[in-house]
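Q: below is the sequence, then the predicted model.
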Amino acid sequence: MTAHPTRVTRLAPTPSGALHVGNARTFLATWALARHEAWRVVLRLEDLDLGRVREGAHEACVADLRWLGLDWDGDPLVQSTELAPYRAALERLALQGLIFRCDRSRAEIRSAASAPHADDGETRYPPELRPHEPWPRSVEKWDANHRLRVDRAVEAVVDELLGQHAFDPGLEAGDLVVWTKLGVPAYQLAVVVDDARQGVTDVVRGDDLLSSAARQQLIARHLGLTHARWWHLPLVYGDDRKRLAKRNGAHGLAALRDEGVAAERIVGWCAWSLGLLPEPRPLGARDLVARSSPEALRDAALRTAREPTVFDANDLAWLRSVR
C-alpha cells in the first residue's frame with residue numbers, strides 16, 4: 001500500500017507587536033485543525049519587517065503560543081537568519097525577465113492618473129509606469145525595490161472554507177513589490193519561498209489575506225512551485241468595527257496573561273465565537289481538537305462571514321471574570 005504524504009500547516013506570527021485575541025483565534029483554529037487531521041505543524045517567525053521588530057519580540061511570540069497550549073514539530077524558521085533562499089528566488093524571476101528595479105516613491109505612483117488609492121491603503125502600480133524592456137536578467141542592486149510584472153488576468157482561488165473566488169492582481173495591485181530597498185524580500189515573495197521550503201501543503205489564516213492567495217499563486221507559478229491549499233477564516237473585529245490590531249493593547253495576550261486571565265478562557269471564547277461551543281466557557285487547547293474537524297470549521301467560517309465576530313467590552317469582561 002502506498003503511504004500518503006503528510007500534510008503540513010504552519011503557525012506564522014509576526015513579532016512586531018503583541019499578539020491579540022484575533023490572532024489567537026486564527027492560530028488556535030490552525031493548530032486544532034492540524035492536530036485533528038494529523039498534519040504536521042511548523043512554526044515560522046516572519047520578522048522581515050526589520051524596522052518594527054523589537055528586542056525580545058521573537059521570545060514573546062513563542063511564549064504567547066505556548067501559553068495558549070500550542071505546540072509544533074521541529075525547530076522554528078526565523079526568516080531574517082537566512083536570506084539566500086529569497087535571493088535565489090528573485091534571481092530566478094530576473095532570469096525570466098519578470099522583474100524590474102523601481103525607484104519611484106509612493107507619492108509618485110499615487111499621483112499617476114491610472115493608479116487610484118484603494119480603500120485598504122494599497123496603490124496600484126500600472127503598466128505604463130514600467131521601465132522600457134528588456135529588463136536585466138540578473139539582480140544588479142540588492143538594496144533597491146524590485147517589482148514583478150503582473151499583467152491583467154483573472155486568478156481563481158479555491159478556498160477550503162469560503163469556496164471559490166476570482167481576483168485580478170494586475171487590476172487590483174498592478175506590478176508587485178517582491179524585494180525591498182532594505183535588502184529583504186517583500187511579504188508576497190517571502191511567504192511563497194518559505195511555504196515551499198517548509199513543505200507547507202495547507203495554509204490557514206485570516207480572510208484579509210484572501211486576495212493575497214491569488215498573488216502568491218502567481219508568484220509560485222513563476223517559480224515552478226505548487227501552492228498550498230487555502231483555508232481562510234473570518235477576522236475578529238473591535239467594537240469600532242475595525243479589525244483587531246496589535247495597537248489594541250487591552251486585547252493583547254501578554255497583557256491579559258499579566259492580569260491573571262487563564263489561557264483556557266481565551267481558548268473557550270475563541271471556540272464559542274466560531275460556533276464550536278454553544279456558550280463561552282473555559283476550554284483547554286487539547287479539548288478544542290476534537291471539535292475542529294474540517295466540516296465544523298467550514299460551517300464556522302461561513303457563519304462568521306455572514307455575521308462578523310465583534311470583540312467588545314462584554315467579551316473582555318468575560319475573559320477577566322473568575323466565575
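A: Yep, it's here. Numbering: from 1, shown residues only.
Q: point out where the stretch 201-323 of the chain drops to low pLDDT.
A: Residues of the stretch 201-323 of the chain meeting the criterion pLDDT under 70: 246-250, 322-323.
Q: try it again with 80
A: By pLDDT under 80, the weakly predicted segments of the stretch 201-323 of the chain are 245-251, 322-323.
Q: how about stretch 72-89: buried residues?
A: Neighbour counts over stretch 72-89 (16 or more other CB atoms under 10 Å) mark 72, 76, 77, 79, 83, 86, 87, 89 as buried. For every residue, glycine as well, the C-beta is placed using N, CA and C.
Q: what two of those residues are the furthest from one another?
A: Farthest pair in the buried residues of stretch 72-89 (CB to CB) is 72 and 87. Separation: 26.5 Å.
Q: just checking, residue 73 touches residue 40?
A: Yes: if you go by CB atoms under 8 Å, residue 73 and residue 40 touch, sitting 4.8 Å apart.
Q: hey, where'd the helices end up in the chain?
A: Ranges of helices in the chain, per DSSP state H, are 21-37, 57-68, 84-95, 106-111, 169-172, 187-197, 210-222, 253-259, 263-273, 285-289, 294-306, 313-320.
Q: so which of these is nearest residue 234?
A: Of all the helices of the chain, helix 294-306 sits nearest to residue 234, with 4.2 Å by CB to CB.
Q: can you give the contact residues for that closest one?
A: The contact list for helix 294-306, computed with CB atoms under 8 Å, 6 or more residues apart in numbering, reads 29, 33, 37, 160-162, 207, 231-234, 273-276.
Q: report the contact partners of the residue most central in space within the chain.
A: The C-alpha lying nearest the average C-alpha coordinate of the chain belongs to residue 205 (CA atoms, centre = their mean; 5.5 Å). Each residue near residue 205 by CB under 8 Å, 6+ apart is listed here: 12, 26, 30, 231, 232, 233.
Q: now residue 264: how far from residue 112?
A: 52 Å (CB to CB, to the nearest Å).
Q: typed the wrong thing, it's residue 223
A: Using CB to CB, residue 223 is found at 29 Å from residue 112.
Q: before we move on, what about residue 139?
A: Using CB to CB, residue 139 is found at 25 Å from residue 112.
Q: and the closest residue to residue 164 other than its chain neighbours, how far from residue 87?
A: Sequence neighbours aside, residue 158 is the residue nearest to residue 164 in space, at 5.2 Å (criterion: CB to CB, 6 or more residues apart in numbering). From residue 158 over to residue 87 the distance is 31 Å, taken as CB to CB.
Q: same deal with residue 215?
A: 20 Å.
Q: which ones are touching residue 208?
A: Taking CB under 8 Å, 6+ apart, one finds 235, 243 in contact with residue 208.
Q: Throw the buried residues of stretch 72-89 into a markdown table and include pLDDT and distance to residue 303, thanks.
A: A markdown table is the format used below for the buried residues of stretch 72-89 (pLDDT from 0 to 100; distance: CB to CB, whole Å):
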| residue | pLDDT | distance to residue 303 |
| --- | --- | --- |
| 72 | 98 | 28 |
| 76 | 96 | 33 |
| 77 | 97 | 33 |
| 79 | 96 | 34 |
| 83 | 97 | 42 |
| 86 | 98 | 38 |
| 87 | 98 | 43 |
| 89 | 98 | 38 |
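Q: can you tell me which of these is closest to residue 290?
A: Nearest to residue 290 out of these is residue 72 (CB to CB; 19.6 Å).
Q: that closest one touches residue 11, doesn't it?
A: Yes: Residue 72 lies in contact with residue 11 (CB under 8 Å); the separation is 6.2 Å.
Q: who touches both of these two?
A: Counting by CB under 8 Å, 6+ apart, the shared contacts of residue 72 and residue 11 are 41, 42, 43.
Q: quick check: the second one touching residue 197?
A: No: using CB under 8 Å, residue 42 and residue 197 do not qualify as a contacting pair, with a distance of 10.2 Å.
Q: so these two - more neighbours on which side?
A: Ranked by neighbour count (other CB atoms under 10 Å), residue 42 and residue 197 place residue 42 first, with 22 against 15.
Q: beta partners of that one?
A: residue 10 (DSSP bridges).
Q: likewise residue 238?
A: Here residue 238, judged by DSSP bridges, has bridge partners residue 311.
Q: what's the burial count for the residue nearest to residue 164?
A: Using other CB under 10 Å as the criterion, the residues surrounding residue 158 number 11.
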